[in-house]
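Novice: 3D, please:
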Amino acid sequence: MNRRPVLVSTGFEDPTADVVIAELNRRRVPVLRFDPGRDFPGLAALSARIGHDGWSGRLTVGERSADLAHVRALYHRRPSSYTPNGDDQAARFIAQENRRGLGGVLAALPGCLYLSHPLAIARAEYKPAQLASATRQGLRVPATLITSDPAEAKSFASEQVTIYKPLHAGAYQIEGEPAGIWAAPVAPEELNNAVSHCAHLFQALVPKTSDVRAIVVGERVFCARITAPPGVVDWRAEYRNLRYEPIPCPDEIRRALLLFLADFGLNFGAFDFALSTDETWWFLECNPNGQWAWLEDAAGLPLTAAVADLLENGESTSD
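Specialist: Numbers count the residues shown, from 1 in each chain. Below you'll find the model as predicted:
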């Protein structure tokens, strides 16, 4: 690759990365796609040296390679984790060395735009930190309690209509099948000593007419109103019965979103808001590496072009 490449770090099946890579290919921007957790050190090979200008060397994947000193951007999508190839001590040691070796070099490339930086994404995935930042930026946040105390949980739920939602949307299975844990109402009488088994996030239910997914790419903000059937608390549980429409982002919300991203050092965020009956935007959460490809057609938002613009140019273009 003679021209500055874009590295795309993601798993084998990633439709969101697929559409971005197709657009970069159309623009003749060199792309090197790989999955660090699965490809290294088998299909992929690393050779990196430190110098006055930072890291140099090559990352080779199959028959393609990239000059580490001249990487244009790294699109950190959803790579596999560095997992041990075995249960023994040596396998665990190797996995950690790979993570800190390849992962460490990729996190310190000179002159590289990150979408977004892996460490920034990891820090922003903590919902308590998100809620604190959103409050600092002036966004409206529903009353929230994080607790492992059953009495505190019961007291909070008795003060207002309350929902429970997980602090992390990790893998979860029911009878061997993947399942999602959606936000759902919880009554005081449902809260018992099981609350003491781990931290729980409880939040006041916003009386809403619809939701908004706001996608921020660099400094560009795209918003879609999502209308679910009446009574649905978490629209993700009703994907087949949703209506979408693009809507403008109020100036004060846009400013707050950009400040939020700057607070975490992010270049991307997928924000969820609840719109109350008086059209107030209530901040719920931000996924620093959230999905967006389905909104391209559903709401008519030019998201692929926006992501490709940022990766190609290292900057966003004006709306």
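Novice: what ranges do the helices span in the stretch 101-250 of the chain?
Specialist: For the stretch 101-250 of the chain, the helices defined by DSSP state H, counting those that start in this stretch cover 118-124, 127-136, 150-159.
Novice: alpha carbons of the last one, as PDB, please.
Specialist: Just to be clear, that refers to helix 150-159. Extracted C-alpha coordinates of helix 150-159, given in PDB (Å, rounded to 0.1, in the frame of the first residue of the first chain):
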ATOM      1  CA  PRO A 150     -32.400  -4.000  48.500                       C
ATOM      2  CA  ALA A 151     -33.800  -1.400  51.000                       C
ATOM      3  CA  GLU A 152     -32.400   1.500  49.000                       C
ATOM      4  CA  ALA A 153     -33.800   0.000  45.800                       C
ATOM      5  CA  LYS A 154     -37.200  -0.500  47.200                       C
ATOM      6  CA  SER A 155     -37.300   3.000  48.600                       C
ATOM      7  CA  PHE A 156     -36.300   4.500  45.200                       C
ATOM      8  CA  ALA A 157     -38.900   2.500  43.400                       C
ATOM      9  CA  SER A 158     -41.600   3.600  45.800                       C
ATOM     10  CA  GLU A 159     -40.800   7.300  45.000                       C
END
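Novice: tell me the buried residues in that helix?
Specialist: Buried positions in helix 150-159, judged by neighbour count with 16 or more other CB atoms under 10 Å: P150, E152, A153, K154, F156, A157. Where C-beta positions appear, they are placed from N, C-alpha and C, glycine not excepted.
Novice: relative to W282, which of the residues you listed is nearest.
Specialist: F156 (17.4 Å; CB to CB).
Novice: roughly how far does the closest one sit from T147?
Specialist: 8 Å (CB to CB, to the nearest Å).
Novice: do the same with G54
Specialist: 45 Å.
Novice: got it, and V217?
Specialist: V217 is 35 Å from T147, by CB to CB.
Novice: F260 now?
Specialist: On the measure of CB to CB, F260 and T147 end up 25 Å apart.
Novice: with neighbour numbers in mind, choose between those two.
Specialist: F260 (22 against 16; other CB atoms under 10 Å).
Novice: for that one, give me its contacts.
Specialist: With contact taken as CB atoms under 8 Å, 6 or more residues apart in numbering, F260 is in contact with S133, A134, Q137, L139, G269, F271, C286.
Novice: any idea what sits nearest the first one, other than its immediate chain neighbours?
Specialist: Pointing back at S133 there. D263 (4.8 Å; CB to CB, 6 or more residues apart in numbering).
Novice: next: the fourth one.
Specialist: Counting by CB to CB, 6+ apart, L139 lies nearest to F283, which is 4.1 Å off, once chain neighbours are set aside.
Novice: what strand or helix carries the nearest residue to P41 once chain neighbours are set aside?
Specialist: Spatial nearest neighbour of P41, chain neighbours left out: N98 (6.7 Å); criterion: CB to CB, 6+ apart. Using DSSP states H and E, N98 sits in helix 89-106.
Novice: in that helix, what's buried?
Specialist: Of the residues in helix 89-106, those buried (16+ other CB under 10 Å) are I94, A95, N98, R99, L102, G103, V105, L106.
Novice: in CSV, list these along with pLDDT and distance to R72.
Specialist: Shown next, in CSV, are these (pLDDT from 0 to 100; distance: CB to CB, whole Å):
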residue, pLDDT, distance to R72
I94, 93, 30
A95, 93, 29
N98, 95, 24
R99, 94, 24
L102, 96, 19
G103, 96, 19
V105, 97, 16
L106, 97, 14
